[in-house]
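A.B. asks: Provide a 3D model corresponding to the input given below.
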Amino acid sequence: MKSIYLCLFLMLSWAQVNAQSKAQQTIPKSKMAPNSIVGVWDLTYFEGKDLKQLFQEKIPTIAIDPRKTLLSGHNACNSFRVPIKIKDFKIEFLKAITKDNHICNPEVEAHFMEQLAQVQGYTMQTPNKLELLVDQKVVFRFQRHYKQK
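C.D. replies: Down below sits the predicted model:
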């Protein structure tokens, strides 16, 4: 009977040590390096809507540079910029978003900008996919932009 308990104890101990070593080796996918958010991003998802129909002229882009504490971009009609603070996968807008005032699709642009102003954080499932969150819900999804040569 003692050998059964000893065998069971050794198996449980081995399983626990093995699980701990795997956990230490694996970085959660949503916890990419904080500086990996730096770059230019193309919108690929906005509240589940058809982007080609919604943004007929141009798909929105954003550029993030925490060293300059700035988020800037183009909402398919106007350029915008806002000072930001990024820490621990949270994004804080330090001022109101400023933008150009060209006349385009005012309803779509207003909704896009309202949602952007509500962003509180982000996740990155891969180095090339960025999700912006409002109340822990994905509202925007972006693909890293690579310039074509």
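
A.B. asks: how many neighbours does L130 have?
C.D. replies: Look at L130: counted by other C-beta atoms under 10 Å, it has 25 neighbours. Where you see a C-beta, it was placed from the backbone N, CA and C, and this is true even at glycine.

A.B. asks: what ranges does the chain have for its helices?
C.D. replies: In the chain, the helices defined using DSSP state H lie at 2-25, 51-54, 106-117.

A.B. asks: in terms of mean pLDDT, which of those helices ranks lowest?
C.D. replies: If you rank the helices of the chain by mean pLDDT, helix 2-25 sits at the bottom with a mean of 41.

A.B. asks: hey, where'd the strands end up in this structure?
C.D. replies: Secondary structure of the chain (DSSP state E): strands located at 39-46, 61-65, 70-74, 79-87, 90-93, 98-99, 121-126, 129-134, 137-144.

A.B. asks: right, and the ones you listed - which one's nearest E107?
C.D. replies: strand 39-46 (13.6 Å; C-beta to C-beta).

A.B. asks: any regions of this protein where pLDDT drops low?
C.D. replies: 1-35, 147-149 (pLDDT under 70).

A.B. asks: now with 50?
C.D. replies: Along the chain, the model assigns pLDDT under 50 to residues 2, 4-32, 149.

A.B. asks: measure I37 to P60 for me?
C.D. replies: Distance of I37 to P60, computed by C-beta to C-beta, to the nearest Å: 17 Å.

A.B. asks: check E131 too.
C.D. replies: E131 is 15 Å from P60, by C-beta to C-beta.

A.B. asks: then E47?
C.D. replies: 13 Å.

A.B. asks: number of residues surrounding the nearest residue to A76 once chain neighbours are set aside?
C.D. replies: With C-beta to C-beta, 6 or more residues apart in numbering as the criterion, A76 has its nearest non-adjacent residue at 4.1 Å, and that residue is F55. Burial of F55 is recorded as 21 neighbouring residues (other C-beta under 10 Å).

A.B. asks: F55 against K49, yeah?
C.D. replies: No - if you go by C-beta atoms under 8 Å, F55 and K49 don't touch, sitting 9.3 Å apart.

A.B. asks: pull the number of nearby residues for K137.
C.D. replies: Look at K137: counted by other C-beta under 10 Å, it has 9 neighbours.

A.B. asks: fine, thanks again, bye for now.
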